[in-house]
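> Turn this into a structure:
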Amino acid sequence: MNPCTSPVHLVYVLHSGRMFGTERMALATLQALCSEDEPGGGGTVLAPPGPVHDAVRRLGLVSVVLNGPLSLVMALARTLAAHPDAAVLATGLTHSLVTAAWQWLLRSRGAHLHVVHGGTDERLSYGRKRLLAALPLTFVAVSAFVRGRLVAHGVPGQRIKVIHNFLHGAPPPPRGPFVADGVRRVILLTRLDRIKRVGLLFDALERVSGLERLQFDVYGTGEQDAALRERAAAHPGVRLHGVQADAAQHLAEADLLLHTCPEEPFGLAILEAFAAGVPVLAPNAGGAGGAEGIVRDGVCGVHFTANSPVSLGRQLQRLSVAPAGQLNALAEGGRRALAERFDPGRQAACYARLLQPVASTAHRVAA
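Numbering: from 1, shown residues only. The predicted model follows:
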């Protein structure tokens, strides 16, 4: 058996049934950890209605649809009764409160991780997590940025383990090496929500000259979809494609991934760009390009000053004439980062260590 797999049943509780970064990462984690060869090894996903359930079933895992707080209580009761020592990975405050109650009632020895992927609301994503600090669980932050936000809101730093996101399964098709200077085709893989700051691209196009020759392909949708489409009408080089399940496959057609969010908890699309051999332009803030972030300036990508359309525009100008050798070096730096800092085996091993059953019920209560 792979030493990173878990012989215990794993239960992942999600607050959304969609297939954004959190849900995709949950499935990747379960794929990396679930063992079909050990007694009890396997996984269950509890989530609201949505496409994640079809994806779960395709992996051969158990899918349970949640339709409200009562269904969460009952689903966890049934699952933990069937697998008393199951390890639970929760993502919401209520998830962990209910999990802790059932584990205590059932005298479970199963591990309890509260995984913080981040989100769009500071209070909901980080601020309320301190309320869980009294429970016998371990906080898992997907980046140093997320850990910092948790500590800032009162979660004890010694209770937090940083385990980076990673890619699992077949990578996106690779882009060939650069043979000509400069980038021409820029891709954005993002939700069109306010926090993602996609409008910064249009601000840059309107304030910095010389960007007309670049083509921008935006994949995703969100609350700002209509407003951004209206702005795109004035910029022929920008195309909004909406949601496409295979959006990452288009990385092979691009010369650059643009990431605009300054508060990104992690940025799974950046790892996909690394895997495809596509350089990345990201803000110098958040989990993407801040301290200990994914993108290291000049090594595996390029930074622009967060929230500055002029800085963004000027970096796009520079990249549009960058030597092919420089662009290939950035692409190679991304591949190295993927193999070293974000190696799936290493991250899965970190999870596996935390998912070991606790020594006893007394230890759980005292933790």
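
> residues in contact with stretch 128-140?
For stretch 128-140, contacts defined as Cβ atoms under 8 Å, 6 or more residues apart in numbering pick out 89-90, 93, 96-97, 99-100, 111-116, 150, 153-156, 159-163, 351, 354, 358, 364-367. No exception for glycine: its C-beta is placed from N, CA and C like everyone else's.

> Buried subset of these as a ChimeraX selection?
Only the buried entries of these go into this ChimeraX selection, using 16 or more other Cβ atoms under 10 Å:
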select :89,90,96,99,100,111,112,113,114,115,116,150,155,159,160,162,163,351,358,364
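
> mind listing which of the contacts of stretch 128-140 are in strands?
89-90, 112-116, 160-162 (DSSP state E).

> closest to Tyr12 among those residues?
Set against Tyr12, the nearest of the ones in strands among the contacts of stretch 128-140 by Cβ to Cβ is Leu89 (4.7 Å).

> Quick check: which ranges of the stretch 201-350 of the chain have low pLDDT?
Along the stretch 201-350 of the chain, the model assigns pLDDT under 70 to no residue.

> and Thr29, what element?
Using DSSP states H and E, Thr29 sits within helix 21-33.

> ok so, going back, looking at the ones in strands among the contacts of stretch 128-140, which is nearest Val321?
Of all these, Val321 sits closest to Val162, with 37.5 Å by Cβ to Cβ.

> who touches Asn165 in this structure?
Residues in contact with Asn165 (Cβ under 8 Å, 6+ apart) are 21, 25, 28, 142-143, 266, 268, 271, 342, 347.

> So among those residues, which ones count as buried?
By neighbour count, with 16+ other Cβ under 10 Å, these hold 21, 25, 28, 142-143, 266, 268, 271, 342, 347 as buried.

> Among the residues you listed, which lie within helices?
Applying DSSP state H to the buried ones among the contacts of Asn165, the entries found in helices are 21, 25, 28, 268, 271, 347.

> Which strands and helices lie in contact with the longest helix belonging to the chain?
For the chain, the longest helix by residue count, based on DSSP H, is helix 324-340. Applying 3 or more Cβ pairs under 8 Å, 6 or more residues apart in numbering; DSSP states H and E, we find helix 324-340 packed against helix 268-276.

> other SSEs contacting the helix it packs on?
helix 21-33, strand 256-258, strand 280-283, helix 324-340.
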